[in-house]
Structures are given as C-alpha cells and as structure tokens.
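Engineer: build me a model:
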Amino acid sequence: MNFMQTVKGSLLEGFYPAGWDMEAIDKCCSNPPETISDRQAFWHEEFQPISCNEVQELDVKMGHEIATQIRQSKSAGRKVAFILPVGPMGMYKWAVYFLKEWNIDCSHVFGFNMDEWSDGEGQTLPSDNPGSFQYAMEQAFYGPLGELTVPVNQRHFATLETLPTYADKIAALKAEGAELITVFGIGRMMHIAFWEPHFGAEFENDVEWSKQTHRIGAQLHPLTIEQNAITSFKSRTTLVPCRANTIGPGLFLQSDRIIGGCDGALGRGMQWQGLSLWTTLRHGPDRWLPSTYMPTLPGKLFFLNELAGPLQADVN
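Structural biologist: Numbering: from 1, shown residues only. Next comes the predicted model:
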C-alpha cells in the first residue's frame, strides 16, 4: 500500500501539480545509493554531481567553487554575474574565507539575488528585516568581504522595482563577455529560485515556459511554505509569506555554469530532499519539475551522501 494506490478520493488528490507523474518520480527514487552519480544521457558533458559526507564538507567545497570562479574571472580580466540564493547559505562564509586568503577583490562581480518574499503586489520585506533575503546576503556575504566586497551598485535584489531589470542587465553583461553563474538549492517541490512546478500549467510547451525571465508576487506551493517554515523559520508557518518575487527559467537557463547544493538532512536519519535530488538527476528535463533542467548545464552539484538513501521507510 502506497501513495499512488490510496490518493484517489483523499485530501491529496489534486494537491500536487497536475503534471507530476508519481509513478515516474517513485522510479527515480528507487535506484541504489551507489548509482546516484552514474552519468545520464540528458546530463551536460561538463555537469558533475559531487558527494559530501557531511554538511561542513559541502559548505567548504561549495564555497571554494564560488571563490574559484570569482578568482578565475578576475585572472581572465572579465566580469562575472552571479545569480545567488538564500538557501543553502553555509557556503558563503567559506567563499569569503578563500577570497580573503587569496586577496581577491570583487569589483568585477555582479550579484543578482534569485528571489525575495513578497505580497501579492510584489512589495517585499524591508531590507533590515531578519527574514528578508537582502538582509541575509548582506550579513553572510557582502558584509564579511569587507574592503574586498562587491560594490553596492552591483548588488541586485528581487524587489518590485529591480527584478524586472535583471534580464536587460544580465544581457548587457554577457554582451561585454561576462559569464553568468547560477548558484542554487533544490526545493522540496523541485523549484529553482521560487519558480514553482505548478507554473507549468500556464504554458503549452517547455519552449514557452523556458522564455519566462521573472514573476512578481508568485503564488508558492503549500509544501514550499512548509519547507521554509522548517528550514528558515523554526517551524513557525505563521511567519512565512505565501508569495515571492522570483527569477524564471529565462534567466537561470542562460547560465554558463551552475553551482548547486543539496544539504537537506535533518538529523537522526530524517531528511526532506532525497526525492528532490534523485528526481533532478534521473527524470530528464520537464517544466513540471524545474530542477530537472539543471543537469543539462555545465557545472557542479554538491550533495550530502545521506540524501542518496536508500530512500526506504525508516520510522523515527
């Protein structure tokens, strides 16, 4: 007895996105853990999953990769644009550490935060609110870089006024030779940024879907709210906004390189991200599962070994 055999007539019927094939998702999750990095036909030849034994190892390796890309672009004399997440976050302190050790100033770096909590009209939290992504980025990355930091006028946040300007600004940077690098986590609903899977219903095909650069006041899936209640708001669902401003596939699919991180283990054998990771790596590109497009791009996806499973019942 499982989900697929019992969902009809239950409260879960119609709750998940219409385009989700639960049988196909379950098949993705049924593979042996030791096969998770086996190359798939739809992966870009320069896409590489990298396993990590613990969160601290993932934070160091991911931070090192971000710092390395900033150093390489500096050495090459070119600008670099980063689409940046708030979650995961642990890599930023290590990116700061390496950049300071190498004495690399970030005057050539342009930061574009991928999303921000909002109301239905796109109004966002004040930048000094501890729940806002702008506050988190200033505290975790831009501030600790000190005199090496990214210039203030090159930091962009997903506000009502600024998010719609991202596409033109990134296009102008790429025209000057800048690389675009997207740093990301994978949501429980397999979103990238807050580009949710149920948006797929609005488009006739993946091509039209892939042209969307952003959305203001996007409606978030209930499980995205619960994921963030657990990971960012100490379980307090009542503090989590129900909407967000977010970039879309029209931006993150332009990436010259990606740096991903999956650290969704909760301790005592519990986790929330194994299904999302396996589906991302096995399903194949599908607009109803936005993260499945990420392996089609060059770059690295760091993940905790624990998330590889086996994804079988383990009652806690």
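Engineer: what does the average pLDDT come to for stretch 204-218?
Structural biologist: Predicted confidence along stretch 204-218 averages 98 (mean pLDDT).
Engineer: okay, helices next: where are they in the stretch 1-150 of the chain?
Structural biologist: When assigned using DSSP state H, counting those that start in this stretch, the helices of the stretch 1-150 of the chain occupy the ranges 3-6, 22-28, 55-76, 91-102, 133-137.
Engineer: so which of those helices comes closest to residue 283?
Structural biologist: helix 22-28 (5.4 Å; Cβ to Cβ). From N, CA and C alone the C-beta is placed, and that goes for glycine too.
Engineer: mind checking which of the helices of the stretch 1-150 of the chain is nearest residue 277?
Structural biologist: Per Cβ to Cβ, nearest to residue 277 of the helices of the stretch 1-150 of the chain: helix 22-28, 9.4 Å.
Engineer: what about residue 123, neighbour count?
Structural biologist: Here the neighbour count serves as a burial measure; for residue 123 (other Cβ atoms under 10 Å) it reads 15.
Engineer: read off the pLDDT value for it.
Structural biologist: Note on residue 123: pLDDT of 97.
Engineer: nearest residue to it in space, please, no chain neighbours.
Structural biologist: Nearest in space to residue 123, with sequence neighbours left out and distances taken as Cβ to Cβ, 6 or more residues apart in numbering, is residue 160 at 6.1 Å.
Engineer: contacts only, for the one you found.
Structural biologist: For residue 160, the contacting residues are 118, 121, 122, 123, 124, 216, 245, taking Cβ atoms under 8 Å, 6 or more residues apart in numbering as the criterion.
Engineer: can I assume residue 278 sits in a helix?
Structural biologist: Yes. Residue state for residue 278 (DSSP: H, G, I helix; E, B strand; the rest coil) corresponds to a helix.
Engineer: would you mind finding the most buried of the helices of the stretch 1-150 of the chain?
Structural biologist: Mean neighbour counts were compared across these using mean count of other Cβ atoms under 10 Å; the top stretch is helix 133-137, at a mean of 21.
Engineer: tell me the helix or strand right after it.
Structural biologist: Proceeding N to C from helix 133-137, the next assigned helix or strand is strand 155-156, under DSSP states H and E.
Engineer: not counting its own residues, what contacts that next one?
Structural biologist: With Cβ under 8 Å, 6+ apart as the test, strand 155-156 has contacts from 110, 111, 112, 113, 137, 142, 162, 165, 166, 169.
Engineer: got it, and stretch 167-181?
Structural biologist: Residues outside stretch 167-181 that contact it (Cβ under 8 Å, 6+ apart) are 69, 73, 78-83, 110, 112, 156, 213-214, 250-251, 254-259, 299.
Engineer: circling back to that earlier point, list just the nearest of the contacts of strand 155-156 to residue 1.
Structural biologist: Of all those, residue 1 sits closest to residue 113, with 43.5 Å by Cβ to Cβ.
Engineer: contacting residues around residue 218?
Structural biologist: Contacts were defined as Cβ under 8 Å, 6+ apart; by that measure residue 218 touches 118, 194, 195, 196, 199, 243, 244, 245, 246.
Engineer: burial of the fourth one, as a residue count?
Structural biologist: By other Cβ under 10 Å, the residues close to residue 196 number 23.
Engineer: out of everything not next to it in sequence, what's closest to it?
Structural biologist: In space, not counting the residues next to it along the chain, residue 196 is nearest to residue 221; the distance is 5.2 Å by Cβ to Cβ, 6+ apart.
Engineer: who touches that neighbour in this structure?
Structural biologist: Neighbour list for residue 221: 17, 189, 191, 196, 197, 198 [criterion: Cβ under 8 Å, 6+ apart].
Engineer: same list, those residues, but as JSON lines with distance to residue 33 please.
Structural biologist: Converted to JSON lines, these look like this (distance: Cβ to Cβ, whole Å):
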{"residue": "17", "distance to residue 33": "27"}
{"residue": "189", "distance to residue 33": "23"}
{"residue": "191", "distance to residue 33": "24"}
{"residue": "196", "distance to residue 33": "28"}
{"residue": "197", "distance to residue 33": "25"}
{"residue": "198", "distance to residue 33": "30"}
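Engineer: most neighbours out of the residues you listed, which is it?
Structural biologist: Comparing these by number of neighbours (other Cβ under 10 Å), residue 191 comes first, having 28 neighbours.
Engineer: just to revisit the earlier point, of the contacts of strand 155-156, grab the buried ones for ChimeraX.
Structural biologist: Of the contacts of strand 155-156, the buried ones go into a single ChimeraX selection, burial set by 16 or more other Cβ atoms under 10 Å:
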select :110,111,112,113,137,142,162,166
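Engineer: kindly reformat the contacts of strand 155-156 as CSV containing pLDDT and distance to residue 13.
Structural biologist: Formatted as CSV, those follow (pLDDT from 0 to 100; distance: Cβ to Cβ, whole Å):
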residue, pLDDT, distance to residue 13
110, 98, 45
111, 98, 42
112, 98, 39
113, 98, 36
137, 97, 39
142, 98, 45
162, 98, 40
165, 98, 41
166, 98, 37
169, 98, 43
